[in-house]
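Trainee: sequence unavailable; structure follows:
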């Protein structure tokens, strides 16, 4: 299902991960010259349109220009072929290769611009990996409900999502945001429920992160416990934690104003001399 493109939408032709792909991107204009670049990395079932207007609200509050994009297999980006399975290190590949390739395709010099990454869920994990792998090409990371290791509660919720996709209107609802809902859902769901993925863990990378980190999680997150963000601070002591009551897996949806306030303050602090 193709949606009308929002103002500011462009399509970047990218070669990464052994394939050619076209990625859906949305630029958010800067409210002031020289504004920092805030890059949004979506969750495991997300896309440009699923963020709705929240990235723009955050960019206005933080005084940033923004880049929102749909990863391969999502949104209006190139769909994943039905028989193609994601490798268990798919998030590593996104951080190591796909995001840098997107920056090059868009003419973004990450070592000069040093973007701030806002990643949600899988996107938060990718943002952390990117910061560890490219420490000279990022100024800060905001990781909202990220995963750094596998928990039983995560897998249980993903199994529930599989049942919902098969038995409810979830497929139709995702179809409003993805050109190929099956591409997005089964790519994510199959790899997370692959027995080989049970050993997935990125803790070894976290000590390599040199930039400031803001780690955010809802106290009622159904996809992970607070051990996730507390583990980030244990291994990257420069991490600031924000644990939000009455909040589930999507802090920017459940507590949008609280998250905007925290991220705007975090980004403002990055611009001050240290």
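Mentor: Structure's in. What do you need? From a predicted model like this one, the values you see are computed outputs, not experimental measurements. Numbering: from 1, shown residues only.
Trainee: roughly how far does the residue nearest to the spatial centre of the chain sit from residue 40?
Mentor: With distances taken as C-alpha atoms, centre = their mean, residue 123 lies nearest the centre of the chain, 2.1 Å away. Distance of residue 123 to residue 40, computed by C-beta to C-beta, to the nearest Å: 8 Å. C-beta: built from backbone N, CA, C; applies to glycine.
Trainee: repeat for residue 146
Mentor: For residue 146, the distance to residue 40 - C-beta to C-beta - is 14 Å.
Trainee: can you check residue 120 too?
Mentor: 8 Å.
Trainee: what of residue 25?
Mentor: In terms of C-beta to C-beta, residue 25 sits 10 Å off from residue 40.
Trainee: remind me which residues of the stretch 151-274 of the chain are low pLDDT?
Mentor: Counting by pLDDT under 70, the stretch 151-274 of the chain shows low-confidence ranges at 272-274.
Trainee: can you pull out the helices in it?
Mentor: 152-167, 170-175, 181-192, 203-206, 227-235, 251-254, 256-271 (DSSP state H, counting those that start in this stretch).
Trainee: what of the stretch 1-150 of the chain?
Mentor: 54-62, 90-93, 99-106, 110-113, 122-133.
Trainee: most neighbours per residue, which of the ones you listed?
Mentor: Of all the helices of the stretch 1-150 of the chain, helix 122-133 carries the top mean neighbour count, a mean of 26, counting by mean count of other C-beta atoms under 10 Å.
Trainee: now for residue 167, how many residues are close by?
Mentor: Per other C-beta atoms under 10 Å, the neighbour tally for residue 167 reads 9.
Trainee: any idea how far it lies from residue 161?
Mentor: Distance of residue 167 to residue 161, computed by C-beta to C-beta: 11 Å.
Trainee: touching, residue 220 and residue 243? I think so.
Mentor: No: here residue 220 does not reach residue 243: they are 10.6 Å apart, not a contact under C-beta atoms under 8 Å.
Trainee: more neighbours: those two, which one.
Mentor: Neighbours were counted for residue 220 and for residue 243 using other C-beta under 10 Å; residue 243 has more, 15 against 12.
Trainee: just checking, the more buried one touches residue 226?
Mentor: Yes: between residue 243 and residue 226 there is a contact at 5.9 Å, judged by C-beta under 8 Å.
Trainee: joint contacts of those two?
Mentor: Common contact partners of residue 243 and residue 226 (C-beta atoms under 8 Å, 6 or more residues apart in numbering): 217, 219.
Trainee: how about residues contacting stretch 226-245?
Mentor: With C-beta under 8 Å, 6+ apart, stretch 226-245 has contacts from 128, 143, 145-149, 151, 203, 206-207, 209, 211-220, 251, 254-255, 258-259, 262, 266.
Trainee: quick check on those residues: which are buried?
Mentor: Buried members of the contacts of stretch 226-245, counted by 16 or more other C-beta atoms under 10 Å: 128, 143, 145-148, 206, 209, 211-218, 251, 254-255, 258-259, 262, 266.
Trainee: TSV for the helices of the stretch 1-150 of the chain, including distance to residue 187 and mean pLDDT?
Mentor: Listed next are these as TSV, based on distance: least, C-beta to C-beta, whole Å; pLDDT from 0 to 100:
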stretch	distance to residue 187	mean pLDDT
helix 54-62	23	97
helix 90-93	8	98
helix 99-106	17	98
helix 110-113	26	95
helix 122-133	11	98
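Trainee: out of those helices, the one nearest residue 45 is which?
Mentor: Residue 45 lies closest, by C-beta to C-beta, to one member of those: helix 122-133, at 9.0 Å.
Trainee: can you list the residues that contact the closest one?
Mentor: With contact meaning C-beta under 8 Å, 6+ apart, helix 122-133 is reached by 40-44, 46, 91-92, 94-96, 99, 117-119, 137-138, 141-148, 188, 202, 205-206, 208-211, 213, 232.
Trainee: cutoff 6 Å now
Mentor: 41-44, 91-92, 94-96, 99, 117, 119, 138, 141, 143-144, 146-147, 205, 208-209, 211 (C-beta atoms under 6 Å, 6 or more residues apart in numbering).
Trainee: now do the contacts for residue 135.
Mentor: Listed by C-beta under 6 Å, 6+ apart, the contact partners of residue 135 are residue 210.
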